[in-house]
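Chemist: The following comprises the amino acid sequence and a computationally predicted model.
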Amino acid sequence: MATDRRASWLKGVLDLLVLATLTEGENYGYEIAKMLAGSGLGQIRGGTLYPVLNRLEEAGLVSAEFRVTERGPGRRYYRLTEQGRQTLAEQGRLWLAFDESVRTVLASGGLK
Amino acid sequence: MITYLDELKALLREGGVPAEQVEATVSDLAAYVAETGADPEEEFGPVGDFAGQLLTARAPEADPADATEWRWTADIFADRQTLARFGDQGWEIDRIDHLGRFVSHRDPERPQRWEYRRELVPPGGGRALAARLAPEGWEPCGTWMYYRYFKRPRAASVGPAAQLDSPPAAPRSSVFFSRRFYLLMAVALLALVAPGLVLAPSDGDGAGFFAGMAVGACVAIAALASMWFWMARRRP
């Protein structure tokens, strides 16, 4: 149940989190998943991450470039677009306001 | 005149909600409407949609993976080719079950293509292998004997082009054995039976036949084992 709920929360905000991981520069799928896992969000599987990256790319919020690596078959690198940066700023603010409201209500219920 | 709440009550009853629960829900909503002064349709939306939401919320949540789960198997000669084929049709392998079948599912809303690879697991080196492949986006999705299978969304290399607009229905068959596999089985059967026929005396005494079969079984097992390890080395 707890896992289901976390998955449900993550579903609503994963696109913003992915955009946030790209603010410092381009990155590729595995590293994005690792950064999110390192933040305590748990393992984000490829089957969850790549549909989000696809949607962001189709919406023009990220751009992607496939590059062949020396050792491996290549990686697709994602970069935040200007539109993505604006969306992250706007939607991120809305999420933080939502988070603040949730905290207020939970605090009124005795949770700290 | 049938009010919004009457209609809602009827729809919930038709949906199988117990009468007591329907009364409690509708009374609660009636009190809410009375207190806020809101128009029910504006507040809750069209009555059919709202009833649907209430009924969905009541039903145990279905696991979308279950709805589209498909189990299938292939022999060691055909597995990679078959995985590539069904990965291209959007089937994602979740695991390999105790019968050696691939347990797969396909996202009903946004199916996407998958690619697979098979690796020999070095003794005690399973983790190192997974760690080596992870940066390229490969995730372990099952182990059979000393083979480990890995999956990766095609989107990792081709992006949105990996999405499938209209994937074909799941195949009716769930067994995909190659000609080589059947040939191997025929050879094994021959190796098992032939020595029995050779050693069986003409007077019909069964002892010689069964002794021959025992020899044949040993030969067949040794031949299969040799072929197996030879293949394992040749086909990583």
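Modeler: Done, it's in.

Chemist: who touches B:Pro168 in this structure?
Modeler: Listed by CB atoms under 8 Å, 6 or more residues apart in numbering or on different chains, the contact partners of B:Pro168 are B:Gln89. Backbone N, C-alpha and C define where each C-beta goes, glycine included.

Chemist: which SS class is it?
Modeler: Using DSSP: H, G, I helix; E, B strand; the rest coil, the secondary structure recorded for B:Pro168 is coil.

Chemist: backbone phi and psi for it, please?
Modeler: Torsion angles at B:Pro168 (phi, psi; degrees, to the nearest 10) stand at phi -70, psi 160.

Chemist: swap in B:Trp144?
Modeler: With angles defined as degrees, to the nearest 10, B:Trp144 shows backbone torsions of phi -130, psi 120.

Chemist: Please apply the same query to B:Leu54.
Modeler: Per-residue torsions, B:Leu54: phi -60, psi -40 (degrees, to the nearest 10).

Chemist: Assess the claim that it and B:Val26 are in contact.
Modeler: No - under the contact definition of CB atoms under 8 Å, B:Leu54 does not touch B:Val26, with a separation of 10.1 Å.

Chemist: hey, what's in contact with both of those two?
Modeler: When contacts are counted by CB under 8 Å, 6+ apart, B:Leu54 and B:Val26 have B:Leu12 as shared neighbours.

Chemist: how far does whichever helix or strand B:Met185 is part of sit from the chain's center?
Modeler: When elements are defined using DSSP states H and E, B:Met185 is found to belong to helix B:179-199. Shown here is helix B:179-199, whose average C-alpha point lies 33 Å from the average C-alpha point of the whole chain (CA atoms, centre = their mean, to the nearest Å).

Chemist: Rounded mean pLDDT for that helix, please.
Modeler: Model confidence over helix B:179-199, given as mean pLDDT, is 78.

Chemist: Which parts of chain B are helices?
Modeler: Using DSSP state H, the helices of chain B run over residues B:4-14, B:19-36, B:40-44, B:47-58, B:64-67, B:79-87, B:126-133, B:155-158, B:179-199, B:206-234.

Chemist: Torsion angles phi and psi at whichever residue of chain A sits closest to chain B?
Modeler: Sorted by distance to chain B under CB to the nearest CB, the residues of chain A start with A:Tyr50, at 3.8 Å. When quoted as degrees, to the nearest 10, the phi and psi of A:Tyr50 stand at phi -70, psi -40.
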